[in-house]
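K.L.:
my questions are about this predicted structure, shown below with the sequence.
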Amino acid sequence: MIALSLAEIAAVVGGQTHDIPDPSVQVTGPVVRDSREVGSGSLFVAFVGERVDGHDFAAQVVEAGAVAVLASRPVGVPAIVVDDVQKALGALAREVVRRLGATLVALTGSAGKTSTKDLIAQVLQHKAPTVWTPGSLNNEIGLPLTALSATEETQFLVLEMGARGIGHIRYLAELTPPKIGLVLNVGTAHIGEFGGREQIAQAKGELVEGLPPAEEGGTAVLNADDPLVRAMASRTKAKVILFGESDEADVRAENVRLTDTGQPAFRLRTPSGDSDVTMRLYGEHHVSNALAAAAVAHELGMSAEEIATALSEAGSLSRWRMEVTERPDGVTVVNDAYNANPESMRAALRALVAMGRGRRTWAVLGKMAELGDEALAEHDAVGRLAVRLNVSKLVAVGGIEASWLQLGAYNEGSWGEESVHVSDAQAAVDLLRSQLRPGDVVLVKASRSVGLESVATALLGAEGEVAAR
């Protein structure tokens, strides 16, 4: 974080200082909520959770080097006490962003946010020092913590924004006002909470509504291939740049293809020139993510050649997202178990088939959460798609949603051993260990709550049984 004194922080957040002998002492280290991440000069943010109360760690974090604790009550060590720790954290982030002078890029969408954010960060790093959201910490706590990790050297701040309802994106954008706002897509992730795709579009479009007007440098980067996203152009005063495979896109891909190993390659076309890209990531769905990153980079002054080089070098920065590992016996394990929705399931299945190319392919799939009334139809559709794509083996893992996956495959014509429903992750591991052959490709994917990453971990040689979920 940029250096601020405890007195300055207290004034920004409207807090009272307690047990602070010298309010001029500065916070020079990271602002953290995890006591294990405290370092010299840190500010520790004490949240009260369902199982753990951060206030209980106050003495420990100060001993470890924290300058003070941002707390909701006095804790017997240097503290800034506020009525609402979360609101205070947001206020501090807003003030730090105001002082930074960095260009802030924010992105949202139903699928691909984290992968795209990682691509943008790696591309912009080629131009100037960049700070970005770690993993998927894209909510009202993770976003300000990321913003507060920027320093005086930071020139680009890339923030992923998630939403579970109307108003969430607006709130996040007010905390950290972006200059460039990117909307990837409007899908069915969290449709059970929103109520429909139109409501999702309404929520995602809050990002472009809050952008500065074009004459002040505001830019909305929108997906030309998604009608609901493209329609958001009418909701912003910012400049609009379109990305996609459509001929009308300002930044687009031509001659899209997959390599023999399932990695996308294409000709990148931008208003400033063209260049060829061959990505290290797996699956054709990354083309759209790459074009989104390219559009942002173009707006920030990078040439087509610079962007193509950076995209071709970029890897995955976040775990359990199409992590590809080949075992010594030739079995390839694709761990995409961080999360799942219908769009990402379809993309992962297509990537699996592209990687297979004559090899046996296994789709180990579990529940897609938060689909509401659409759950049965969406799980059934994914099971059917696995059959239509000629996935060799479908292993549906878990409860009723997994049974719908398997039923969809059955109704599409998958009988016998081509599709099977197992009760839990350990049963899936036992099945795979008994039937995998050298050269097989195994995709593991489900919503985060299912914990199917344990299947991939077990297949890659971790000792012990799969932890129960």
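P.N.:
Arrived safely.
K.L.:
now do the SS call for A396.
P.N.:
strand (DSSP: H, G, I helix; E, B strand; the rest coil).
K.L.:
check whether it really touches D424, as I assumed.
P.N.:
No: between A396 and D424 there is no contact under C-beta atoms under 8 Å: 11.5 Å. (Glycine included, C-beta is placed from N, CA and C.)
K.L.:
who has more neighbours, those two?
P.N.:
Neighbours per residue (other C-beta atoms under 10 Å) separate A396 from D424, with A396 holding more: 29 against 21.
K.L.:
got the contact list for the more buried one?
P.N.:
Listed by C-beta atoms under 8 Å, 6 or more residues apart in numbering, the contact partners of A396 are 365-366, 383, 402-403, 405-406, 409, 419-422.
K.L.:
which of these tops the neighbour count?
P.N.:
Most surrounded of these: other C-beta under 10 Å gives L365, at 33 neighbours.
K.L.:
now do it, the pLDDT please.
P.N.:
Turning to L365, the model gives it a pLDDT of 98.
K.L.:
quick one: the spatially most central residue of the chain from I120, how far?
P.N.:
The residue lying closest to the centre of the chain (C-alpha atoms, centre = their mean) is T114, at 2.3 Å. To I120, T114 is 11 Å away according to C-beta to C-beta, to the nearest Å.
K.L.:
please parse this protein into its domains.
P.N.:
4-83, 101-313, 323-459 (automatic domain parsing).
K.L.:
so for E95, which of these sits nearest?
P.N.:
Nearest to E95, of all those, is domain 4-83, at 4.7 Å by C-beta to C-beta.
K.L.:
now the end-to-end length of the closest one.
P.N.:
Using C-alpha to C-alpha, to the nearest Å, the end-to-end distance of domain 4-83 comes to 21 Å.
K.L.:
where along the stretch 51-200 of the chain do the helices fall?
P.N.:
If DSSP state H, counting those that start in this stretch is used as the criterion, the helices of the stretch 51-200 of the chain fall at 58-63, 85-100, 113-125, 142-147, 168-175, 191-194, 197-204.
K.L.:
regarding the nearest residue to P438 once chain neighbours are set aside, what is its secondary structure?
P.N.:
In this structure, P438 finds its nearest non-sequential neighbour in G330, 3.9 Å apart by C-beta to C-beta, 6 or more residues apart in numbering. Classification of G330 using three-state DSSP returns coil.
K.L.:
show me the shaky parts of the stretch 151-300 of the chain.
P.N.:
For the stretch 151-300 of the chain, applying pLDDT under 70 flags the ranges 189-192, 194-195.
K.L.:
neighbouring contacts of the host helix or strand of L405?
P.N.:
For L405, the host element (DSSP states H and E) is helix 400-411. With C-beta under 8 Å, 6+ apart as the test, helix 400-411 has contacts from 365-368, 375-376, 379-384, 386-387, 394, 396, 418-422.
K.L.:
can you check stretch 292-307 too?
P.N.:
Contacts of stretch 292-307 (C-beta under 8 Å, 6+ apart): 103, 105, 107, 116, 119-120, 123-124, 126-127, 156, 180, 182, 184, 219, 221, 223, 241-243, 250-251, 268-275, 310-311.
K.L.:
thinking again about what came up before, give me the mean pLDDT for the helix holding L405.
P.N.:
Rounded mean pLDDT across helix 400-411 is 94.
K.L.:
quick thing: my sequence starts at 53, can you match it?
P.N.:
Happy to do that; since the first residue is 53 now, the last one works out to helix 452-463.
K.L.:
off-centre distance for the next helix or strand along the chain from it?
P.N.:
Downstream of helix 452-463, the next assigned helix or strand under DSSP H and E is strand 471-474. Taking C-alpha atoms, centre = their mean, to the nearest Å, one finds the center of strand 471-474 at 29 Å from the center of the full chain.
K.L.:
and the contacts of strand 471-474?
P.N.:
Outside strand 471-474, the residues that touch it by C-beta under 8 Å, 6+ apart are 435, 438-439, 445-449, 454-455, 457-458, 461-462, 480, 483.
K.L.:
any chance you could map the strands in the stretch 253-402 of the chain?
P.N.:
271-275, 291-296, 303-310, 316-322, 325-330, 375-378, 384-387 (DSSP state E, counting those that start in this stretch).
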